[in-house]
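Undergrad: Build me a model from this:
(one chain, ligands or ions: 2)
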Amino acid sequence: MTTNHAPDDKPQATTQEPVIITRSDHPISRKKIAQNAVKILYRLKNRGFTAYLAGGAVRDMLLGDTPADFDIVTDATPKQIKRLFRNSRIIGRRFRLVHIFFHDRSNSIPQIYEIATFRRPFTQEQDDAERIKDEPELANNLFGTPKEDASRRDFTVNALFYNIADFSVIDHVYGLNDLKNRIIRIIGDPNTRFAEDPVRILRALEFACRLKFTIEEETVKGLKAQAEALSDVPPSRLREELKGLYTKKATSGLLELGNHYQINQHWLPLEIAASCLDSIPIIKQIENFFPTTDNSKELEKMVVAALIMPNIIEKFPLHDNLRLGLVREFVEESLKPINQRFNLPRFQRHAIKDIFTLLYRLSRGDKRVNKLVSRDHFFSALFLYATINHQAPSKPDHFSFWQRQCDSLNRNPQAQGLDYSRLFLED
Ligand code: ATP
Ligand code: MG
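TA: Numbering: from 1, shown residues only. Ligands and ions are numbered 1, 2, ... in the order given. Prediction:
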């Protein structure tokens, strides 16, 4: 990839003309873009609107990776977009987006594409939020130019546009330079941007570990300085952001980097932040073993169980012959601070209590295969049992018993086609 702007470590975001990379100088081809996204882009363009691919899709394709989703931005307003696509719905109150639905015959779950109108920066948007509640027509004032839209995004590498009109890549923020140098750099003043939305702190760590990029120095200073603000992020927002992480195998990396920068105590409950290094090997195993597409609820249950596990088994050693009611009570207690931070729904808390009950049964040598396997969440408990014991210096005799059961257990529909015997094998 060649870039035609001066190499510069201190980008002056948004003050100059954008850098434009023509088709022959970048690797993004329409074949790599989902067909439905191409259809949307062309329909907008053919009706006279500007239509860009934005965000992670452009970043990932420039890196030669397959994007997780395709976000589209345009100068068409939500109402104009809605008129162009019958299969669409306007969503959001403060900033209105359009979701376009595509139904694939082979799959009952519709594919959703998110189309946004170019937006101006966030601070003014926040100031306006209250007024817009009373005067919805003011929402139009939130729309901005492509340049403003780029500058309100989080990191330079996330603010690149792909223009369907001429297949060029448009860079308003020197993102291409950072992409080439594998750098995560916040757009604008780090303190202001992290204070505006502290979730960006976690996103910086997430992208650094997912992409194996380095976080630029001023960005690191800013995220450390603003890390306390993470404790003010509403629990439901934090939970949504974390669910995204589980499916991208980035939780263990986030915990490691958070530990490195000493910020985990600002987004995790203190007791979990203190013990989370012990949970990382189990979370890595979760990331290795479970398929990570579209099952964020399953992964959430497992990751949260792994996060509270060090404290649970420290208090109640696994092979102790204690009353399981006590374990359930302690699990419930341990989930309270997590619940306060991430709003964990009741069904997840219930599932996690069941997993621990089964884990203790297995660890005490309960071998009533049919009875145990018929319980909800047995396979989650078996996963934890195998993972913990696999790492232990000496294995209990029931370990080889469950290892021998794996051939038949793997055929159980609840195993969802996963090979549990792998968890029992020596490396
Ligand atoms: P991926 O989808 O692969 O996780 P992404 O970069 O597309 O990565 P999304 O969460 O899908 O991330 O967000 C899409 C784009 O929206 C981002 O690339 C970024 O430009 C912008 N964005 C998302 N969250 C924020 C935020 N908190 N602050 C500013 N911009 C954001
Ligand atoms: Mg995305």
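Undergrad: give me the number of residues near R411?
TA: Using other Cβ atoms under 10 Å, R411 has 9 other residues around it. C-beta here means a position set from N, CA and C on the backbone, and glycine is covered the same way.
Undergrad: Need the pLDDT of it.
TA: For R411, the pLDDT comes out at 95.
Undergrad: how near is it to V303?
TA: 27 Å (Cβ to Cβ, to the nearest Å).
Undergrad: can you pull out the strands in the stretch 101-250 of the chain?
TA: 111-117, 160-163, 168-171, 183-184, 214-215 (DSSP state E, counting those that start in this stretch).
Undergrad: Now tabulate the ones you listed in TSV and tack on distance to ligand 1.
TA: What follows is the strands of the stretch 101-250 of the chain, written out as TSV (distance: least, Cβ to the nearest ligand atom, whole Å):
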stretch	distance to ligand 1
strand 111-117	8
strand 160-163	9
strand 168-171	13
strand 183-184	11
strand 214-215	15
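Undergrad: want to try JSON lines for the ones you listed, with mean pLDDT, distance to ligand 2 and mean neighbour count as columns?
TA: Listed next are the strands of the stretch 101-250 of the chain as JSON lines, based on pLDDT from 0 to 100; distance: least, Cβ to the ion, whole Å; neighbours: other Cβ atoms under 10 Å:
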{"stretch": "strand 111-117", "mean pLDDT": "93", "distance to ligand 2": "9", "mean neighbour count": "20"}
{"stretch": "strand 160-163", "mean pLDDT": "98", "distance to ligand 2": "13", "mean neighbour count": "25"}
{"stretch": "strand 168-171", "mean pLDDT": "98", "distance to ligand 2": "17", "mean neighbour count": "24"}
{"stretch": "strand 183-184", "mean pLDDT": "98", "distance to ligand 2": "15", "mean neighbour count": "23"}
{"stretch": "strand 214-215", "mean pLDDT": "98", "distance to ligand 2": "19", "mean neighbour count": "18"}
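Undergrad: Dump those strands to CSV, plus distance to N295.
TA: Output for these, formatted as CSV (distance: least, Cβ to Cβ, whole Å):
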stretch, distance to N295
strand 111-117, 17
strand 160-163, 30
strand 168-171, 33
strand 183-184, 27
strand 214-215, 29
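Undergrad: So which of the ones you listed is nearest I33?
TA: strand 160-163 (8.1 Å; Cβ to Cβ).
Undergrad: quick one: contacts of the closest one?
TA: When contacts are defined by Cβ atoms under 8 Å, 6 or more residues apart in numbering, strand 160-163 is touched by residues 28, 50-54, 57-59, 61-62, 73, 146, 150, 168-172, 175-176, 179.
Undergrad: Same question for stretch 238-256.
TA: Here stretch 238-256 has contacts from 68, 199, 202-203, 205-206, 208-210, 264, 267, 276-277, 279-280, 283-284, 286-287, 292-297, 299-300, 303, 341-344, using Cβ under 8 Å, 6+ apart.
Undergrad: Now that you've got those residues, can you turn the buried subset into something I can paste into ChimeraX?
TA: In ChimeraX, this line selects whichever of the contacts of stretch 238-256 come out buried by 16 or more other Cβ atoms under 10 Å:
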select :199,202,203,205,206,208,209,210,264,267,276,279,280,283,284,286,287,292,296,299,300,303,341,342,344
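Undergrad: Please name the residues that touch Q226.
TA: Neighbours of Q226 in contact, by Cβ under 8 Å, 6+ apart: P190, N191, F194, A195, P198, I201.
Undergrad: So which of those residues are in helices?
TA: Counting by DSSP state H, the contacts of Q226 place P190, N191, F194, A195, I201 in helices.
Undergrad: Using ChimeraX, define a selection of the buried residues within those residues.
TA: Those of these that count as buried under 16+ other Cβ under 10 Å are selected in ChimeraX with:
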select :190,194,201
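Undergrad: what's the closest of the ones in helices among the contacts of Q226 to ligand 2?
TA: Distance to ligand 2 across the ones in helices among the contacts of Q226 (Cβ to the ion) is lowest for I201, with 18.3 Å.
Undergrad: pLDDT score assigned to the nearest residue to that closest one once chain neighbours are set aside?
TA: Using Cβ to Cβ, 6 or more residues apart in numbering and skipping the chain neighbours, the partner closest in space to I201 is L223 (4.5 Å). Looking at L223, its pLDDT stands at 98.
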